[in-house]
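Colleague: Sequence and predicted structure below; questions after.
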Amino acid sequence: MKKITETNRLILRELDSNDSEFFYNLNLDPEVLKYTGDLPFSSIVDAENFLINYSDYKKNGFGRWPVILKETNSFIGWCGLKLNEENLVDIGFRFLKKEWGKGYATESSKTALDYGFNTLKLTEITGRVSKDNISSIRVLEKLNMTYWKQDCFKGVEELVYYRIKKNDYIKNINF
């Protein structure tokens, strides 16, 4: 498994079919999926098939990455970049509920932004979130992303879009 980047507490690496049980369990929690418009996997095999067919790394050179807690070497969620259906590079994250409120979303997202701007040489990264998902909006704001527009997508009626351009990116974000 290819390591992408890391922080003091976290490792972000490429997905692997061995992550299927973790992905299945993450998406099993209705609160984790509440604002996403996604459905849970119907089985671990479905999660495995999703991971086997995950092609973002080959197509785009980046994608969503498992977030591994260094202290325990355990899967706690995912974070990463994705070229979405609107042809925007989107930052996203999803964590096990027991890991909420520990700063992992902000920490992993900051290192993903660093990777996107400094390694991939992207010029803009966006984030889209349900307007009711206040916690995720706060993460985007901590990353110095600014409100851009409101729209709908995938059955989520009121999405708010945030973005940050490379020339506005400040490397030392305080969080």
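Modeller: Structure's in. What do you need?
Colleague: so where is this structure shaky, pLDDT-wise?
Modeller: 153-157, 170-175 (pLDDT under 70).
Colleague: where along the chain do the strands fall?
Modeller: Taking DSSP state E as the criterion, the chain contains strands spanning 3-6, 10-13, 64-69, 74-83, 89-95, 124-130, 146-153, 156-165.
Colleague: mind checking which of these is nearest Asn118?
Modeller: strand 3-6 (9.8 Å; C-beta to C-beta). (Each C-beta comes from the backbone N, C-alpha and C, glycine too.)
Colleague: and the gap between Leu120 and Val89?
Modeller: Applying C-beta to C-beta, to the nearest Å, the value for Leu120 to Val89 is 8 Å.
Colleague: hmm, back to that, want to try CSV for the strands of the chain, with distance to Asn49 as columns?
Modeller: What follows is the strands of the chain, written out as CSV (distance: least, C-beta to C-beta, whole Å):
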stretch, distance to Asn49
strand 3-6, 23
strand 10-13, 20
strand 64-69, 16
strand 74-83, 17
strand 89-95, 19
strand 124-130, 26
strand 146-153, 24
strand 156-165, 24
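Colleague: Buried deepest among these, which one?
Modeller: strand 64-69 (a mean of 24; mean count of other C-beta atoms under 10 Å).
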